[in-house]
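In: Here you go, sequence then predicted model.
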Amino acid sequence: MKCIAIDDEPLALTVLRDYIKRVPYLTLAATFENPFEALQKIHTSEVDIIFIDINMPGLSGLEFIKSLNKSPHVIFTTAYSEYAVEGFELDATDYLLKPFSFERFLKAINKVNKETTVRASGTIQPQTLDFIFVHSEHHIIKISLEDICYIEGYKEYVKIHTADAKPILTIKSLKSLTEQLNSEHFVRIHKSYIINISKIQDIRSGKVKIKDRYIPIGDSYKDVFNDVVLKGRI
C-alpha cells in the first residue's frame, strides 16, 4: 500500500519513515512538511494511506482532508486529543496521539486492512437492534439508542440520560449495559460512565462534553476511547 506522510515537524516524519519501513507491504511514496505541496502529489498519484498532522500552519490536517475529492484511508497523527470529534466526522480510519508506539501504529494499519477487505468484498455489516428495554419504576421502558446521551453508574443502579426526557433509573450494571449496546456508537470511558460518541460536543483536558456536562475519561479507558471515538472500530 502506497503511503504519504504530512507533518510540519521533521522529527514526526522521521518516526513515520521508520515505522513504515518496518511493515513489508507499506511503501512510503513521499513526505511533506508543507501540506500544499502534498495536495499536488495526491491529485497526480494514487495514494492508499495518508498520515497527516492536524495542527499545521497555513492549512490544517482537517481542512486538507475536507478538500480532497478522493477517499484514501486517513490516519491523523497529532498531539491534541480535542480534534478527535472532527476527525470522527471526516470518517478517518484512526487517530494516533503523539507520541505513539510502533505497536499502536500497527493497530492503525490493521484497521486499514480491515477497511480494505470490507470495501473490496462489498460486505454489509449485520444489523443490530436500535433500542433496548429496561425495567424502571415497576414497568418496562423501550429506549431508542439514538436518544441515549450517556449512562451513569452507581452501586446498585444506573441512570440513563437521554436527549429530552428526565434520566431513567434502572437496576442494572454498566457491564451488562455495555454488552447490550451497539459498540459502534457507545464506549465506556470511566468506571462510572458509558457515552454515546455521536453526542459528544467537545473534548478537552481529559473530559468529554455531553449535554453541557463534562464527563471525565478514566486513565485506564483512554486507549479504548482514542480507538473508538474515530468511527467506533472495536
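Out: Happy to help now that I have it.
In: can you give me the helices for this protein?
Out: According to DSSP state H, the chain carries its helices in the segments 10-21, 35-44, 61-66, 84-89, 102-121, 174-180, 222-228.
In: so can I have a markdown table of the ones you listed showing distance to residue 142?
Out: The way it works is simple: take the backbone N, C-alpha and C, and place the C-beta from them, glycine included. As requested, the helices of the chain are exported to a markdown table (distance: least, C-beta to C-beta, whole Å):
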| stretch | distance to residue 142 |
| --- | --- |
| helix 10-21 | 47 |
| helix 35-44 | 47 |
| helix 61-66 | 38 |
| helix 84-89 | 28 |
| helix 102-121 | 31 |
| helix 174-180 | 13 |
| helix 222-228 | 26 |
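In: could these be laid out in JSON lines, adding mean pLDDT, mean neighbour count and distance to residue 151?
Out: Shown next, in JSON lines, are those (pLDDT from 0 to 100; neighbours: other C-beta atoms under 10 Å; distance: least, C-beta to C-beta, whole Å):
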{"stretch": "helix 10-21", "mean pLDDT": "96", "mean neighbour count": "16", "distance to residue 151": "37"}
{"stretch": "helix 35-44", "mean pLDDT": "88", "mean neighbour count": "14", "distance to residue 151": "40"}
{"stretch": "helix 61-66", "mean pLDDT": "92", "mean neighbour count": "19", "distance to residue 151": "30"}
{"stretch": "helix 84-89", "mean pLDDT": "68", "mean neighbour count": "19", "distance to residue 151": "19"}
{"stretch": "helix 102-121", "mean pLDDT": "81", "mean neighbour count": "14", "distance to residue 151": "26"}
{"stretch": "helix 174-180", "mean pLDDT": "80", "mean neighbour count": "13", "distance to residue 151": "6"}
{"stretch": "helix 222-228", "mean pLDDT": "80", "mean neighbour count": "17", "distance to residue 151": "15"}
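In: hmm, who's touching stretch 63-82?
Out: The contact list for stretch 63-82 (C-beta atoms under 8 Å, 6 or more residues apart in numbering) reads 6-7, 12, 16, 35, 38-39, 42, 47-55, 61, 83, 87, 90-98, 100, 108, 112, 115-116, 202-204, 226, 230.
In: Of all the residues in that stretch, which ones are buried?
Out: 64-65, 72-78, 81 (16 or more other C-beta atoms under 10 Å).
In: Out of the helices and strands in this structure, which is least certain?
Out: Every helix and strand in the chain was compared by mean pLDDT, DSSP states H and E; the lowest is helix 84-89, with a mean of 68.
In: sorry, back to before: of the helices of the chain, which is nearest residue 146?
Out: helix 174-180 (14.8 Å; C-beta to C-beta).
In: chain center to the closest one: distance?
Out: Helix 174-180 has its average C-alpha position 20 Å from the chain's average C-alpha position, going by C-alpha atoms, centre = their mean, to the nearest Å.
In: Could you name the helices and strands sitting against it?
Out: The helices and strands touching helix 174-180, judged by 3 or more C-beta pairs under 8 Å, 6 or more residues apart in numbering; DSSP states H and E, are strand 148-153, strand 186-190, strand 193-196.
In: Tell me where the chain is predicted with low confidence.
Out: 85, 87-89, 117-129, 182-183, 229-234 (pLDDT under 70).
In: Please parse it into its domains.
Out: Domain segmentation of the chain under automatic domain parsing yields 2-121, 131-228.
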